[in-house]
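Asks: Sequence first, then the predicted structure, then my questions.
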Amino acid sequence: MAEAGVLSGVTRDFTAAFGTVLEGAADTTLLPFVEAVRGIDPRRARDRRVGRPGFAALAHLPAALAGLRGDDRLARAIRATLPHLDWRSSYSGKGPSAGIHGRMIWAEIAGLTGFVPMSGTRLGLFLISPHLHYGLHGHTADEIYHLVSGRLSITLGLEGAEQALRPGETFRTPAGAAHALTTGAEPALIVYNWTGDVTGPVWWWRRREDGSFEKLQPDVVQR
């Protein structure tokens, strides 16, 4: 277990770097996320036991780190934070989610499971294995992805066109909006931030034979 002072330091450096990146984007739609990140108090960082699960995605972490691009200060903060993260996989290894279980994982700096316990925002890292498609899904929180390594294609809306996200770019998904993610030959490492209703359910959309969409709730094992 890390000392609280160490966790406070890495939290302070991470939130300062990421907040500056968001402010530098000069995008008014990101202001709620800037406020959320700036509102994280590193002094509240706590000790907690960190597991070392054998998720398949972790095999791709060295490649993701080698491919870090964008803001140098944020890259340093990410590297300093990694030893303290408690990686988790959201979905069950059975049924429709079996193909992505352990191949896309996340770990929080602030939020329900992070160094800094909070209920109104969630900030952390999201690692996605190569050649993975995370189908249309949605949630009650407002969300941004800031890509720091790899390439990512994002579809927004049930019939939306794919959009390419490159390192250093940020993508916002409004609360409730359907969106899908696809990686190519490289793993994708993302800084994510949720604001608003961060404890609500996640749901998926599945296309029926007649072309319409069915909305369903997957088996979520970690939130």
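Replies: Okay, I see it. Numbers count the residues shown, from 1 in each chain.
Asks: report the longest helix in the protein, please.
Replies: The longest helix of the chain (DSSP state H) is helix 4-24.
Asks: Using PDB, list the CA coordinates for the helix or strand following it.
Replies: Later in the chain than helix 4-24, the nearest helix or strand by DSSP states H and E is helix 31-38. What follows is helix 31-38, C-alpha atoms only, in PDB (Å, rounded to 0.1, in the frame of the first residue of the first chain):
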ATOM      1  CA  LEU A  31     -15.500  23.700 -19.000                       C
ATOM      2  CA  PRO A  32     -17.600  21.400 -16.700                       C
ATOM      3  CA  PHE A  33     -14.700  18.900 -16.900                       C
ATOM      4  CA  VAL A  34     -12.100  21.500 -16.200                       C
ATOM      5  CA  GLU A  35     -14.100  22.400 -13.100                       C
ATOM      6  CA  ALA A  36     -14.500  18.800 -12.100                       C
ATOM      7  CA  VAL A  37     -10.700  18.100 -12.400                       C
ATOM      8  CA  ARG A  38      -9.800  21.300 -10.600                       C
END
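Asks: pLDDT averaged over whichever helix or strand comes after helix 31-38 - what is it?
Replies: Where DSSP H and E defines the elements, the next helix or strand beyond helix 31-38 is helix 61-66. On average, the pLDDT along helix 61-66 is 98.
Asks: Neighbours of Val157, how many?
Replies: Rather than Val, residue 157 is Gly. Per other C-beta atoms under 10 Å, the neighbour tally for Gly157 reads 11. Using the backbone N, CA and C atoms, a C-beta is placed for each residue, glycine as well.
Asks: show me what contacts it?
Replies: Residues in contact with Gly157 (C-beta atoms under 8 Å, 6 or more residues apart in numbering) are Ala177, Ala178, His179.
Asks: same deal with Lys94?
Replies: Per C-beta under 8 Å, 6+ apart, neighbours of Lys94: Asp219.
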